[in-house]
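# My questions concern the predicted model and sequence given below.
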Amino acid sequence: MTNTAPRSPLSRIALAALAGWVLLLVAISRWMGEQARHWLPVQASTAAPLVDNLFSLETAIGTFVFLAVVSVMGWVVLFNRAEKYDETDAVPIEGNTRLEVIWTLIPFLLVMAIAFWTIRAMDDLGMLGPMEHIHPRNSLEEVGGYPADRLPPEQVEVIARQWSWEFRYPGSNVSSTELHLALDQPVTLRLVSEDVLHGFYIPAFRVKQDVVPGRAIDLNITPTREGVYRLRDSQFSGTWFAANQADVVVESASSHNTWLEQAARHPLQPGLSVAVQEYAVRQSRSNPGWATVPPAPPPQVNVPGDPHQPHEA
């Protein structure tokens, strides 16, 4: 005969212990959320603190949920185990409205909290500008829409290709394969692709944006920390996509203007392209291996940059 006697309610001591344990989990979760900020690269743009706050919140929530589930599992294993050799089924719990409300309401509140902070962060960021259709043909001017000396003010054109980056600066004929930006100066990056889908990703800026073929996408950023950082291709764009990287140099406004003046006096020369170098080595072998798309020729730029320059993030 099944024992269906109601269980006694929790004592005050048990409730106090449960409340204390929940408060301990909250404290640990808050601590983990703060520690999560140290797992990320340095903050080098106005977007970074907003993204880090959201990451900290998600880490804290994930920690609390994980510890709460493990706590329940541990309690069951330690204090609610069946007797030795007991192979009977447990008494099913049905029709517990309070329990169903709790396990529905808690995930709902957590998801809504994450959604609220995400929408708030995206609204404060305001990074993504307009996107316009373009029709790639043969020349860079037709792909990007503007030659460098006719770019709108405060807009740098970013051209992605297999597998190199090229940057053109407004108000001059300067181009480079390393991105130079002025400290604390808002800038709009006009992202275009010559071939396939690429990903514009600067970890220190907490900025990632797909570069879509046939689209010109405006991305608004403001660097806030001087230094050299790394731009990476976050999308699989072919064999050498992992080598499709470039330095991002953030410097003072005066240093940036000096760099532009000096760069304008440099003749055009092939820019950096690790893919071209590795492809040449590969083709020189008797067995070059599997077939692959030949890399695009290195862009002709004023400043190719230094491939051995130390960088952060």
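Noted; the coordinates are in hand.
# What is the neighbour count of Q283?
Applying other C-beta atoms under 10 Å, we find 11 residues neighbouring Q283. Just so you know, the C-beta spots here come from the backbone N, C-alpha and C atoms, and that holds for glycine as well.
# Next, work out how far apart it and L268 are.
Note on Q283: its distance to L268, by C-beta to C-beta, to the nearest Å, is 25 Å.
# Sketch out the low-pLDDT regions of the protein for me.
Applying pLDDT under 70 to the chain flags the ranges 1-10, 130-131, 135-154.
# In this structure P203 contacts L231, no?
No - assessed by C-beta atoms under 8 Å, P203 is found out of contact with L231, at 9.2 Å.
# Which one of the two is surrounded by more residues?
L231 (24 against 19).
# Now the more buried one. Nearest residue, chain neighbours left out?
Taking C-beta to C-beta, 6 or more residues apart in numbering, and ignoring the residues beside it in sequence, L231 has A246 as its nearest neighbour in space, at 4.5 Å.
# which SS class is that neighbour?
Secondary structure, DSSP: H, G, I helix; E, B strand; the rest coil: A246 is strand.
# Mind checking what helix or strand follows the lengthiest helix in the chain in sequence?
Selection of the longest helix in the chain by residue count, based on DSSP state H, yields helix 47-79. Of the helices and strands lying after helix 47-79 in sequence (DSSP states H and E), the nearest is helix 97-125.
# just checking, what packs against that following helix?
Helix 97-125 sits against helix 47-79, with contacts defined as 3 or more C-beta pairs under 8 Å, 6 or more residues apart in numbering; DSSP states H and E.
# Return the angle between stretch directions for the longest helix of the chain and helix 97-125.
Computed with axes from the mean of the first three to the mean of the last three C-alpha atoms, to 10 degrees, the direction of helix 47-79 lies at 160 degrees from that of helix 97-125.
# ok so, going back, the residue nearest to L231 - how many residues pack around it?
So A246, with other C-beta under 10 Å, has 26 neighbours.
# now swap in F200 and tell me
Neighbours around F200, by other C-beta under 10 Å: 24.
# from memory it sits against V207, does it?
Yes - contact criterion C-beta under 8 Å: F200 and V207 qualify, at 7.3 Å.
# Spell out which residues are contacts of both of these two.
Residues touching both F200 and V207 (C-beta atoms under 8 Å, 6 or more residues apart in numbering) are L219.
# quick revisit: list the contacts for the residue nearest to L231?
Per C-beta under 8 Å, 6+ apart, neighbours of A246: 164-165, 167, 177-179, 230-231, 272, 305.
# nearest residue to I202 other than its sequence neighbours?
Closest residue to I202 apart from its sequence neighbours, by C-beta to C-beta, 6+ apart: L231 at 5.3 Å.
# There's contact between that neighbour and E166 in this structure, I believe.
No - applying C-beta under 8 Å as the test, L231 and E166 come out as separate, 11.7 Å apart.
# so where do the helices sit in the stretch 101-250 of the chain?
Secondary structure of the stretch 101-250 of the chain (DSSP state H, counting those that start in this stretch): helices at 140-144.
# list the helices and strands the strand or helix carrying G33 packs on?
G33 belongs to helix 12-36 when assigned by DSSP H and E. Under the contact criterion of 3+ C-beta pairs under 8 Å, 6+ apart, helix 12-36 touches helix 47-79.
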